[in-house]
Structure formats: C-alpha cells, structure tokens
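*Asks:* show me the folded form of this:
(chains A and B)
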Number of protein chains: 2
Amino acid sequence: MPKQVDHAGRIRTIASAAIQAIGEVGLDALRLRDVAEAGAMTTGAVTHYFDGKDAVLEAALAEVVRRILEGQAALDAEVERGDPVAAIAAFLPDTEERRRDWKVWFAFWARAAADERLRALHKSYYADVIGRLDATLARHIPPRRRAGLADAIVAAVDGVSIRAALEPEDWPPERQRRTLALLLAPLFAPQPKTRRPMRKTR
Amino acid sequence: MPKQVDHAGRIRTIASAAIQAIGEVGLDALRLRDVAEAGAMTTGAVTHYFDGKDAVLEAALAEVVRRILEGQAALDAEVERGDPVAAIAAFLPDTEERRRDWKVWFAFWARAAADERLRALHKSYYADVIGRLDATLARHIPPRRRAGLADAIVAAVDGVSIRAALEPEDWPPERQRRTLALLLAPLFAPQPKTRRPMRKTR
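*Replies:* I've put the predicted structure just below:
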C-alpha cells in the first residue's frame, strides 16, 4: 500500500517552519532552504508545495491567521468572565512564538503596501478576525456601545504589538498589557449614569 | 566659480523620491532607477549619495520621521486649543502623501524584524517621537494621568494607520478619526469628581 501523505498537515508544518524562518532571517533574505532547515525537512519537500517566497509568505500568514481565529474561540468565555481586556491581551506578542507571528504580519504589510492582490487578502483576513470579534462583542455589549468597537480593539492590539515585537527588551508583557488596558478599559467600563435634570424645564 | 551643491537638500529630495517609489513598487522590487525616476533625477545622482536599497530606505524613513517631528511642533497649540484628539489625528494617513509615508514604515518594520541595527534605529526614532509628545503632554495633562499616555497615543495612531493605509477605500478620514477618538478621547476626558462620603465615618 502506498504511504498516505497528509497534505494539509504537511502544508501547515511548512507554514510553521516558514514563520520561524521569516522571524529569523526576514523575508528579503529568505531562501526556501531556510524554511526547510527550520522545519528539519528537505528543500524538495518545501518546493513540492510552494513555488516561491511569496507562496511561502502567504502560507505563513494563513497559519498566523488560523492561530488568531483559534484564539478567538476562547474569547467568548473570557469576556463572559468579566475581563475583556485580559482576554484581548492574549493576542499580544508576549512570547517568542507570538513575536514571530507578528513578524509575519510586518513582512506581509510591507509587500501588501504595493500589491493589490495581497491587499485584498489582507482585507479579507481582517474582515474574518473583526467579524468574529464583533459576534463575541454582540453577546456581551449593548449595541449603542458597540459601534466601531471591534475596529478600535484591533487597532489597539496592532499598535501595541508593533512596539512590543520590535522592542521586546523594553516591552515585557506587563507593559504591553498596561498600554492595552489604558486604551481599551474605558471602552468596557460601566457607563456613568446620565445626569438627569432635577426638574423639568417648562 | 564652481556650482554650489546643497548636499543636504539633495539628500532630502532623493529621500522624498524614495518615499514615493517605495509606495509605488514596494521595497522588494525597488531599483535605484525607480527612485531616480520618481525624483526626475539621473540614476547617477542617486547612486552618488546612496550605495543601495537599504541606504535609500533609511534615508526615506529619516525623512518620514522628520515630517512627524515637524508635525509635532504644531501639536502644542492644538492641544492648548482643547482638542488633543483632533491634533493627534493630523498624523493619520488621510492623504495620499501620508499613506506613502506609512508604507515606508511597513517596509522598515519588515526589515527591522530581522535586523538588530535597524531595530535600534527604529527604537531611537520612536524615542524621539515619544519624547517630544511627552513634553507636550506635560504642559497640559497632570502627572497622575500621564503615565503611559504617550505610549498609548502612539499605539492608537499606529494601529489605526495600518488599516487605513492598507484599506484606503474603506477607511476615509472620517472613519480613521472616529476610531482614534474612540480610543483616545476617554484618556483626555475630564475625570469624574471623586465621590466624597456625605459625612465622616467615625
């Protein structure tokens, strides 16, 4: 019987190796050989699935997005528990692995800036993440406080993560979370009661 | 008399041309010829000052940072006028020119992710921007409300700008400002008075 190959699994393994290699050498200097080495595979195994650097980058980003969406699945329970900012902080680059994931975004943004097709792909990934986030928020936050909230959350996470991923020595997890909380906590804080006039005018 | 050459001016002209060229073709595909074309110069004029793509990127980023610091000079008066969020919104990519500036950051982040020296340069630029921002805030915001504020402001601007620069069709200036205001307005809002007990206990 011929050996069964789990193609989807193989592609994810290569994508994970690509994330590691991009984090180490950057996308510009990346060779498919670096990806193979990071995954302890033959270069042939990589080229069998990917015909070049762009294809590898796209697979790496797809894997990063898959991890984000997987992380979002836990968001609901955390928000329910009453600490939405802590739940959102789970996406910050506070481990070496997540810092690598963020470096894939940097590589992708740089290429997408001048590439219409990659921009469309980027937009669709953000739409996925924000759509799922919005669905979670809808279960916990009243509509009048939800307008633009998902956009704001994603912007806060992106903004903090850029600094943290590029200056890891100066941005320990605590500083990342503190900055995120400064931006997001007010958006989840209980609203002060609307002040009512003591008596009707007229 | 030999023709006087304004070297600093020439370098800034090339840097501006580089910003335009990076925005159009991306850093990966960039040739020094593209920079020359964007600036209506000879390729020789570019290579006279810059020995390669990395040097051009660094000059482009230096020019982008110069523009930011210049913009920050106006911040003080705007904050004084009582609308700090509107003042900060001036850094968002709501024009074609500023979108191009942001694409230089994307290119730089991608390279800095795997390059220690560029990371140090990035850090020093952020330190400049945040140092100046902090000095402005110090004139208007009491110390107890200023902790981490500059970090939060820069993160909010970065986060909104990433989306806006990559999805310009969906992020008109109004949406950019609204998202920024959602994140930052609470940080500048007048604090509710601390509730004092009606009478002393004990």
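
*Asks:* residue ranges in chain A under the pLDDT threshold?
*Replies:* For chain A, the stretches with pLDDT under 70 are A:1-2, A:192-202.

*Asks:* chain A - how does it break down into domains?
*Replies:* What automatic domain parsing lists as the domains of chain A is A:7-60, A:72-188.

*Asks:* tell me which helix or strand the most centrally placed residue in chain A sits in.
*Replies:* Nearest residue to the geometric centre of chain A (CA atoms, centre = their mean): residue A:68, 5.1 Å. Assigned by DSSP states H and E, residue A:68 falls within helix A:53-73.

*Asks:* okay, buried residues for the very next helix or strand once past that helix please.
*Replies:* Sequence-wise, the next helix or strand downstream of helix A:53-73 (DSSP H and E) is helix A:75-80. For helix A:75-80, the neighbour count (16 or more other CB atoms under 10 Å in any protein chain shown) marks A:75, A:76, A:78, A:79 as buried. For glycine as for every other residue, the C-beta is placed from the backbone atoms N, C-alpha and C.

*Asks:* if we look at helix A:75-80, which residues are touching it?
*Replies:* Applying CB atoms under 8 Å, 6 or more residues apart in numbering or on different chains, the external contacts of helix A:75-80 come out as A:84, A:86, A:87, A:88, A:90, A:133, A:136, A:137, A:139, A:140.

*Asks:* can you do 10 Å?
*Replies:* Here helix A:75-80 makes contact (CB atoms under 10 Å, 6 or more residues apart in numbering or on different chains) with A:84-91, A:132-133, A:135-137, A:139-141, A:188.

*Asks:* kindly supply the PyMOL command isolating those of those that are buried.
*Replies:* PyMOL command restricting those to the buried ones, with burial defined by 16+ other CB under 10 Å:
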select buried, chain A and resi 84+85+87+88+89+91+132+133+136+137+141+188
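
*Asks:* quick one: contacts for the nearest residue to residue A:146 once chain neighbours are set aside?
*Replies:* What sits nearest to residue A:146 in space, not counting adjacent residues and going by CB to CB, 6 or more residues apart in numbering or on different chains, is residue A:137, at 5.5 Å. By CB under 10 Å, 6+ apart, the contact list for residue A:137 reads A:75, A:76, A:79, A:84, A:130, A:143, A:145, A:146, A:149, A:150, A:153, A:188.

*Asks:* is it true that the fourth one touches residue A:185?
*Replies:* Right, residue A:84. Yes: if you go by CB atoms under 10 Å, residue A:84 and residue A:185 touch, sitting 9.0 Å apart.

*Asks:* so how far is the helix or strand harbouring residue A:184 from its chain's centroid?
*Replies:* Assigned by DSSP H and E, residue A:184 belongs to helix A:173-188. Distance of helix A:173-188 from the chain centroid (CA atoms, centre = their mean, to the nearest Å) equals 17 Å.

*Asks:* so does it get close to chain B?
*Replies:* Yes: against chain B, helix A:173-188 shows contacts by CB under 10 Å from any CB of the partner chain at A:175, A:176, A:178, A:179, A:180, A:181, A:182, A:183, A:184, A:185, A:186, A:187.

*Asks:* helix or strand right after the biggest helix by length in chain A?
*Replies:* Longest helix in chain A by number of residues, with DSSP state H as the criterion: helix A:116-138. Following helix A:116-138 in sequence order, the next helix or strand is helix A:149-166 (DSSP H and E).

*Asks:* would you put the C-alpha positions of stretch A:71-79 in PDB?
*Replies:* Extracted in PDB, the C-alpha atoms of stretch A:71-79 (Å, rounded to 0.1, in the frame of the first residue of the first chain):
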ATOM      1  CA  GLY A  71      -7.500  32.100  19.900                       C
ATOM      2  CA  GLN A  72     -10.700  34.000  19.300                       C
ATOM      3  CA  ALA A  73     -12.700  30.900  20.100                       C
ATOM      4  CA  ALA A  74     -11.700  31.300  23.700                       C
ATOM      5  CA  LEU A  75     -12.600  34.900  23.800                       C
ATOM      6  CA  ASP A  76     -16.200  34.400  24.500                       C
ATOM      7  CA  ALA A  77     -15.700  32.600  27.800                       C
ATOM      8  CA  GLU A  78     -13.100  35.200  28.900                       C
ATOM      9  CA  VAL A  79     -15.300  38.100  28.100                       C
END
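
*Asks:* now do the buried residues in whichever strand or helix holds residue A:44.
*Replies:* Assessed by DSSP H and E, residue A:44 sits inside helix A:43-49. Using 16+ other CB under 10 Å as the burial criterion, the residues of helix A:43-49 that qualify are A:45, A:46, A:47.

*Asks:* which of those come close to chain B?
*Replies:* Within these, nothing lies near chain B by CB under 10 Å from any CB.

*Asks:* before we move on, the earlier item: the residues of helix A:173-188 next to chain B, buried ones only, as a PyMOL selection?
*Replies:* Remark: buried members of those, expressed as a PyMOL selection using 16+ other CB under 10 Å:
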select buried, chain A and resi 175+176+178+179+180+181+182+183+184+187
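
*Asks:* with that, I have no additional questions.
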